[in-house]
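A.B. asks: Got a sequence here, can you build the structure:
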Amino acid sequence: MSNPNQKIVKRNRPKNLNLFTIRLPMPALVSIMHRVSGAFLFMLLPLLLWLLQLSLSSDASFEQAQAVLHHPLAKLICLSVTWAYAHHACAGVRHLALDAHYGLRLKYARATSRAVLVVSILLTLWMGVWLW
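C.D. replies: Residues are numbered from 1 along each chain as shown. You can find the predicted model right below:
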């Protein structure tokens, strides 16, 4: 039981609610981007499944799917899906390693988060060159 004569001390902590001025550490950014890329892939799943169905229906619909995918905006969407997939896969492997208690020290957590960013960007650039 607490003492009724005890004072409850309220701490006035500084509050920064402006998300644009908060400086997050690199592992936190990679974790947030992992969630964003997963949500992005999930939301684009109907479009990707529609394109797959369109390409497999008939010869004429395959040509229609090709015409859709040759549009520059479609190529940009494909490139963003490529980044989302590469980042989500790399960050997922990193999260699995962290769950297995590998790389928990701050130095390794920072290094692996940088590696996730570099590898996902390199994979995206490689696929972008192949795509265009």
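
A.B. asks: And the strands in this structure, which stretches?
C.D. replies: Remark: strands of the chain are absent; assignment by DSSP state E.

A.B. asks: got any ranges where it has weak pLDDT?
C.D. replies: Low-confidence segments of the chain, defined by pLDDT under 70: 1-6.

A.B. asks: rerun that using 50 as the cut-off
C.D. replies: Judged by pLDDT under 50, the chain has no weakly predicted residues.

A.B. asks: so where's the longest helix in it?
C.D. replies: Secondary structure of the chain per DSSP state H: the longest helix is helix 26-57.

A.B. asks: Return the distance of that helix from the chain's centre.
C.D. replies: Helix 26-57 sits 9 Å away from the centroid of its parent chain (Cα atoms, centre = their mean, to the nearest Å).

A.B. asks: Stretch 39-59 now?
C.D. replies: Remark: stretch 39-59 is offset 20 Å from the chain centroid, using Cα atoms, centre = their mean.

A.B. asks: Show me what counts as buried in that stretch.
C.D. replies: Across stretch 39-59, burial judged by 16 or more other Cβ atoms under 10 Å covers 40, 51, 54-55. Any C-beta I mention is one placed from the backbone N, CA and C, and that applies to glycine too.

A.B. asks: roughly how far apart are D99 and G92?
C.D. replies: Shown here: D99 relative to G92, a distance of 10 Å by Cβ to Cβ, to the nearest Å.

A.B. asks: Nearest to K10 among the buried residues of stretch 39-59?
C.D. replies: The shortest approach to K10 among the buried residues of stretch 39-59 belongs to F40, at 41.1 Å (Cβ to Cβ).
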